[in-house]
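*Asks:* sequence and predicted structure are below.
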Amino acid sequence: MNPDLQQLHPYPFEKLAALKAAVTPPAHLSHIALSIGEPKQEPPAFVLQTLVDNLAALSQYPTTKGLPELRQAIATWATRRFQLKPGSFDTERHVLPVNGTREALFAFAQALVDRQQPESLVVSPNPFYQIYEGAAILSGAEPFFLNCTPENHFIPDFAAVDPAVWRRCQVLFICSPGNPTGAVMSSAQLKSLIALADQYDFVIASDECYSELYFDEQQPPAGLLQACAELGRDDFARCVVFHSLSKRSNLPGLRSGFVGGDAEILKKFLLYRTYHGCAMPVPTQLASVAAWKDEEHVRANRAAYRQKFEAVLAILDGVLDVSMPDASFYLWPKTPLRGEDFAQQLFAQQHITVLPGSYLARTSGGLNPGEDYVRMALVAPLAECIEAAQRIKTFITHL
């Protein structure tokens, strides 16, 4: 077996299951899960119908590069959303459909990391999506974590990173809007990262799967492609973005997204994926075309999340140290006791599952930045989110 497998940590939800198994929740209370970032709002009916209408296409082998109409739908959406110069985001060179961002993020590191470079690093924020770490380890690189704390507004202080780290860095994972904090990087911050990538010759892999879950319709989060466009970098050199329909369109089971950016990198990534066998089924591609072409359901999705955040935060105001995130569907409250203890006792007393923040982070520089936090995903229906907030309030007031 690959010895690097022994370096992998248990997945956060394995740890959570063990934590919950040590206590018994009250049977008279229904379970409310705020732990998993799995959208529970209705997927768009027209996308599901498109999928059904094209099931006969399962008789065809799909190509890894994807249908031209899917790449065109993605390019049109990205050009509009990130204010790219018309025609600069080329469907043949800059777009590659993927089966959701999870598999793509993992595969990207396998394709990109040069194992012959000594002491290679894959750098990521801390807390982080655990795929970044696993991708680094199994690519033969060492994960390196940059702490996200209230002091830096939950965005790493990239300017304070030792140049020796950047010299060893091959891939920098960023996540904006962030998981779990919801923090959004500004266009200026993204541009400064591009300058660092140029200086030290590393690739920025920007996980933007929460980019369409924001609160101000007039101010969508900036993206890495947008920062490139503002710099006149129509080649998107050293910049690759990852997008998904899972959160945007409430389609987590469709496993559909795309990778976009640097054409030379994507050319080699396509070669890797051809051997890896990652082609998206044709019915899924056609359903994805329908989803990328429509914004009405996405605006309705955002409105539903706004309603949940407003209701939950009104109940928790003055009770829990928590505030509205910049974007995403997560709350990242600081807890009155260790996050792990908070999560276990909350389950034991109120039958609510939240995820300890320490499970999403590693100790770096003597600090686990998730230690005193939990992640709450407001993915349940509005009534359940309100009930959960009321139970959490009851739980805290009786501590």
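*Replies:* Cool, the structure landed.
*Asks:* so where do the helices sit in the stretch 251-399 of the chain?
*Replies:* 263-276, 282-293, 296-316, 339-350, 382-397 (DSSP state H, counting those that start in this stretch).
*Asks:* winner for burial among the ones you listed?
*Replies:* Of the helices of the stretch 251-399 of the chain, the one with the most neighbours on average (mean count of other C-beta atoms under 10 Å) is helix 282-293, at a mean of 22. For glycine as for every other residue, the C-beta is placed from the backbone atoms N, C-alpha and C.
*Asks:* the nearest residue to Pro156 once chain neighbours are set aside bridge partners, please.
*Replies:* Excluding its sequence neighbours, the residue lying closest to Pro156 (C-beta to C-beta, 6 or more residues apart in numbering) is Leu146, at 3.6 Å. Beta bridges link Leu146 to Pro125 when assigned by DSSP bridges.
*Asks:* and Leu146, how many neighbours?
*Replies:* Neighbourhood size, Leu146 [other C-beta atoms under 10 Å]: 22.
*Asks:* contacting residues for it?
*Replies:* Val123, Ser124, Pro125, Asn126, Pro156, Asp157, Phe158, Val161, Ser364 (C-beta atoms under 8 Å, 6 or more residues apart in numbering).
*Asks:* touching, the fourth one and Phe145? I think so.
*Replies:* The reference is to Asn126. Yes. Using C-beta atoms under 8 Å, Asn126 is in contact with Phe145, at 3.6 Å.
*Asks:* quick one, which of those two is more surrounded?
*Replies:* More crowded of Asn126 and Phe145, by other C-beta under 10 Å: Asn126, with 25 against 21.
*Asks:* how much space separates the more buried one from Gln345?
*Replies:* Per C-beta to C-beta, to the nearest Å, Asn126 is found 25 Å from Gln345.
*Asks:* cool, and Cys278?
*Replies:* For Cys278, the distance to Gln345 - C-beta to C-beta - is 42 Å.
*Asks:* who touches both of Asn126 and Phe145?
*Replies:* In contact with both Asn126 and Phe145: Ala361, Arg362, Ser364, using C-beta under 8 Å, 6+ apart.
*Asks:* run a quick neighbour tally on the first one.
*Replies:* Pointing back at Ala361 there. The number of residues near Ala361, taken as other C-beta under 10 Å, comes to 25.
*Asks:* which residues touch it?
*Replies:* Neighbour list for Ala361: Asn126, Pro127, Phe128, Phe145, Asn368, Pro369, Gly370, Glu371 [criterion: C-beta under 8 Å, 6+ apart].
*Asks:* pick the one among these closest to Thr64.
*Replies:* Phe128 (27.9 Å; C-beta to C-beta).
*Asks:* and the residue nearest to the spatial centre of the chain, how far from His9?
*Replies:* Centroid check for the chain by C-alpha atoms, centre = their mean gives Cys209 as the closest residue, at 4.7 Å. In this view, Cys209 and His9 are 21 Å apart by C-beta to C-beta.
*Asks:* likewise Ala73?
*Replies:* For Ala73, the distance to His9 - C-beta to C-beta - is 37 Å.
*Asks:* in terms of neighbours, single out the busier of these two.
*Replies:* A direct count of neighbours by other C-beta under 10 Å for Ala73 and His9 places Ala73 higher, at 24 against 13.
*Asks:* quick check on Ala195: phi, psi?
*Replies:* With angles defined as degrees, to the nearest 10, Ala195 sits at phi -60, psi -40.
*Asks:* actually Asp114, not the one I wrote
*Replies:* Dihedral angles for Asp114 - degrees, to the nearest 10 - are phi -90, psi 110.
*Asks:* now for the helices of the stretch 251-399 of the chain, which one comes closest to Leu251?
*Replies:* Of these, nearest to Leu251 by C-beta to C-beta is helix 282-293, at 6.6 Å.
*Asks:* can you list contacts of that closest one?
*Replies:* 44, 46-48, 50-51, 54-55, 57-58, 60, 62, 66-67, 69-70, 73-74, 76-77, 97, 245, 248-249, 251, 254-256, 280, 297.
*Asks:* now, which of those residues lie within strands?
*Replies:* Among these, the ones falling in strands (DSSP state E) are Pro97.
*Asks:* any of the contacts of helix 282-293 buried? List them.
*Replies:* 44, 47, 50-51, 54, 57, 62, 66-67, 70, 73-74, 77, 97, 245, 248-249, 251, 254-256, 280, 297 (16 or more other C-beta atoms under 10 Å).
*Asks:* span of stretch 53-70 from start to end?
*Replies:* With C-alpha to C-alpha, to the nearest Å as the measure, stretch 53-70 spans 16 Å from end to end.
*Asks:* residues of stretch 32-42 that come out buried?
*Replies:* For stretch 32-42, the neighbour count (16+ other C-beta under 10 Å) marks Ile32, Ala33, Leu34, Ser35, Ile36, Gly37, Pro39, Gln41 as buried.
*Asks:* try stretch 214-228
*Replies:* Applying 16+ other C-beta under 10 Å to stretch 214-228 flags Tyr214, Pro220, Pro221, Ala222, Gly223, Leu224, Leu225, Gln226, Ala227, Cys228 as buried.
*Asks:* returning to what we had before: make TSV from the helices of the stretch 251-399 of the chain and add distance to His28 to it.
*Replies:* Putting the helices of the stretch 251-399 of the chain into TSV (distance: least, C-beta to C-beta, whole Å) gives the following:
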stretch	distance to His28
helix 263-276	49
helix 282-293	41
helix 296-316	21
helix 339-350	11
helix 382-397	12
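*Asks:* now those helices as a markdown table including distance to Asp234 and mean pLDDT?
*Replies:* Shown next, in a markdown table, are the helices of the stretch 251-399 of the chain (distance: least, C-beta to C-beta, whole Å; pLDDT from 0 to 100):
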| stretch | distance to Asp234 | mean pLDDT |
| --- | --- | --- |
| helix 263-276 | 10 | 97 |
| helix 282-293 | 21 | 98 |
| helix 296-316 | 26 | 98 |
| helix 339-350 | 44 | 98 |
| helix 382-397 | 43 | 98 |
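*Asks:* select, out of those helices, the one closest to Glu92.
*Replies:* That would be, of the helices of the stretch 251-399 of the chain and by C-beta to C-beta, helix 263-276, which comes in at 8.7 Å.
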